[in-house]
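In: Next come a sequence and a model predicted from it.
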Amino acid sequence: MIIKRTPLALVAASALLLLAGCSGGGSSAEGDANAAAPTAESSATSQAATQESSAPAGDQSKAEACEIVTSSFSDVTEASGSIDTTDPQAALAGFKDLAAKVDSNFSQITNAEVAPAAQNASASLNEYVTFLEGVIADPSTASGISEQVTALQESFTEAGTACAG
């Protein structure tokens with residue numbers, strides 16, 4: 001009997017490439033370029049910070065929330081270069097660490113405009129980690145990669161879009 005196995009490296013690398021591409025708020029530019037150069041999102045965040053710097057105490061401004069989103073996107077871009085996709089267990093551990101960091105960051109977002117999209121992105125990343133665990137346990141489940149990566153990319157793009165508008 002021949003067992004077809006999709007390498008975890010392909011599964012993990014697909015998500016990292018797509019997330020790195022959306023880390024600039026939906027841009028298709030490479031993640032490293034986003035990390036090195038200012039993006040339209042960071043410009044919009046700067047403008048929003050100027051406009052919303054007088055938010056009442058205790059209320060999180062959109063600019064403050066978007067700073068957290070931008071920081072988390074930088075974490076994702078950084079992870080795209082450091083997660084070892086040749087070692088399934090190491091890749092899974094890297095994704096778990098990334099998901100925990102994004103969870104922690106996005107849980108600080110209380111702004112009503114940004115929080116729902118940020119929470120959705122965090123939940124999608126956690127679902128992707130669960131998917132990767134399943135692929136490691138049963139490689140035949142890797143056939144759902146396209147749907148998982150699409151959902152993950154769309155959720156992160158949505159969070160970036162919430163900050164760009």
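Out: Received the coordinates, thanks. Residues are numbered from 1 along each chain as shown.

In: And the helix or strand G81 falls within, what's buried?
Out: Under the criterion of DSSP states H and E, G81 resides in helix 62-82. For helix 62-82, burial by neighbour count (16 or more other C-beta atoms under 10 Å) applies to 62-70, 72-73, 75-80. (Each C-beta comes from the backbone N, C-alpha and C, glycine too.)

In: Can you list the helices and strands that that helix packs against?
Out: helix 8-22, helix 31-36, helix 40-52, helix 88-106, helix 115-137, helix 145-164 (3 or more C-beta pairs under 8 Å, 6 or more residues apart in numbering; DSSP states H and E).

In: Specify which residues of the protein, grouped into ranges, have pLDDT under the cut-off.
Out: Residues of the chain meeting the criterion pLDDT under 70: 1-58, 165.

In: ok, now with 50
Out: The chain contains residues with pLDDT under 50 at 1-6, 10, 17, 21-57.

In: and the helix holding G81 with helix 145-164, angle?
Out: 140 degrees (axes from the mean of the first three to the mean of the last three C-alpha atoms, to 10 degrees).

In: Helix 62-82 to helix 88-106, inter-axis angle?
Out: 170 degrees.

In: Report the inter-axis angle for helix 62-82 versus helix 115-137.
Out: 20 degrees.

In: C-alpha coordinates for helix 62-82, PDB please?
Out: Only the C-alpha atoms of helix 62-82 are listed here, as PDB (Å, rounded to 0.1, in the frame of the first residue of the first chain):
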ATOM      1  CA  LYS A  62      -8.200  53.200  16.700                       C
ATOM      2  CA  ALA A  63      -4.600  54.300  16.300                       C
ATOM      3  CA  GLU A  64      -3.600  52.600  19.600                       C
ATOM      4  CA  ALA A  65      -5.300  49.400  18.500                       C
ATOM      5  CA  CYS A  66      -3.700  49.500  15.100                       C
ATOM      6  CA  GLU A  67      -0.200  49.900  16.700                       C
ATOM      7  CA  ILE A  68      -0.800  46.500  18.300                       C
ATOM      8  CA  VAL A  69      -2.000  45.000  14.900                       C
ATOM      9  CA  THR A  70       1.100  46.500  13.200                       C
ATOM     10  CA  SER A  71       3.400  45.100  15.800                       C
ATOM     11  CA  SER A  72       1.800  41.600  15.500                       C
ATOM     12  CA  PHE A  73       2.100  41.700  11.800                       C
ATOM     13  CA  SER A  74       5.800  42.400  12.300                       C
ATOM     14  CA  ASP A  75       6.000  39.300  14.500                       C
ATOM     15  CA  VAL A  76       4.400  37.300  11.800                       C
ATOM     16  CA  THR A  77       6.900  38.600   9.200                       C
ATOM     17  CA  GLU A  78       9.800  37.800  11.600                       C
ATOM     18  CA  ALA A  79       8.400  34.300  12.200                       C
ATOM     19  CA  SER A  80       8.300  33.700   8.400                       C
ATOM     20  CA  GLY A  81      12.100  33.700   8.500                       C
ATOM     21  CA  SER A  82      12.700  31.800  11.700                       C
END
